[in-house]
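Undergrad: Using only what follows, build the 3D model:
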Amino acid sequence: MKKIFCLFPLLLVCLCCFGCGKSGDVYGLMSEQTQVYFYGENDWVKVNVAVGKRENPYILDGKHNATVGFSLITVEVADEHVDEGLEITLCINGIDSKVLLELNPLNMTYMADIGYALNENDKISVTIKNYSVALENISKNFSIDYRSAIKIGFAQIKNVKLFYENNHLKCEGYLKLLDGNKFGGEGLYWHFTLLNAKGDSESVLISVIDENDVFAG
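TA: Model prediction:
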């Protein structure tokens, strides 16, 4: 049975925005889209790396500009002591490098973008304070990939006219991954959003497993 719920407001950093028209038009207006998702955890730390393309400069203004590759590392540690930064050793295909992550006070995680898009088949591990975590590309197991999520999300946008101007789609889109526990779901969800230049936006959440498990509003 299809589940459609009212989507509670999410933090601005989780905005994902889109417009209306033919679904094919939307793909060319994506100002951010996560395409690959690596994940790993142990008893002390959880690590994910969201990989894809995003606008540069990154501005939420309803206007799509050229994109560059990104790999956003997010680390959550089970530690009451909070530092402003966290240094990790990132190992990609056997090559180590040091990366300094900054604290995100909104959700108390540490984050950094390494500035380019990792390959979906890369072998990745992270070492933090002698704790080592191997990451797996879990997006390979998603029933709904990023392109399907864009198509499904676009079809669920209710007020598509908000994103049209002279019969043309005028907006930008964002696609990220969110933990369903943050809004009453289970597992991971694609967060698809359309945003126009007036600041109007609509968002849809789609389970990575079931296209009929949708939160729209």
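Undergrad: which residues in the protein form helices?
TA: Ranges of helices in the chain, per DSSP state H, are 23-26, 146-156.
Undergrad: So what's the gap between the longest one and the chain middle?
TA: Spelled out, that is helix 146-156. Relative to the centre of its chain, helix 146-156 is centred 14 Å away, using C-alpha atoms, centre = their mean, to the nearest Å.
Undergrad: got a list of contacts for it?
TA: 4, 18, 20, 23, 26-27, 30, 33-35, 52, 139, 144, 173, 175, 190, 192, 194, 204, 206, 208, 211, 214, 216 (C-beta atoms under 8 Å, 6 or more residues apart in numbering). (Each C-beta comes from the backbone N, C-alpha and C, glycine too.)
Undergrad: Tell me what Y110 is bridged to.
TA: Bridge pairing for Y110 (DSSP bridges) gives the partners V75, L103.
Undergrad: what about this structure, any weak spots by pLDDT?
TA: Confidence mapping of the chain against pLDDT under 70 gives the ranges 1-24, 80-82.
Undergrad: what's the residue closest to the geometric middle of it?
TA: By C-alpha atoms, centre = their mean, the chain has its centre lying nearest to K176, at 2.1 Å.
Undergrad: which one is it nearest to, not counting chain neighbours?
TA: Counting by C-beta to C-beta, 6 or more residues apart in numbering, K176 lies nearest to H191, which is 4.8 Å off, once chain neighbours are set aside.
Undergrad: So what sits opposite that neighbour in the bridge?
TA: K176, L205.
Undergrad: any idea how far it lies from E32?
TA: H191 is 10 Å from E32, where distance means C-beta to C-beta, to the nearest Å.
Undergrad: One more: N42?
TA: 29 Å.
Undergrad: I114 now?
TA: For I114, the distance to E32 - C-beta to C-beta - is 16 Å.
Undergrad: Between the two, which is the more surrounded one?
TA: E32 (23 against 17; other C-beta atoms under 10 Å).
Undergrad: burial measure for the closest residue to the more buried one other than its chain neighbours, as a count.
TA: Nearest residue to E32, sequence neighbours excluded (C-beta to C-beta, 6+ apart): R54, at 4.0 Å. Other residues lying near R54 total 21 when counted by other C-beta under 10 Å.
Undergrad: Great, nothing more from me.
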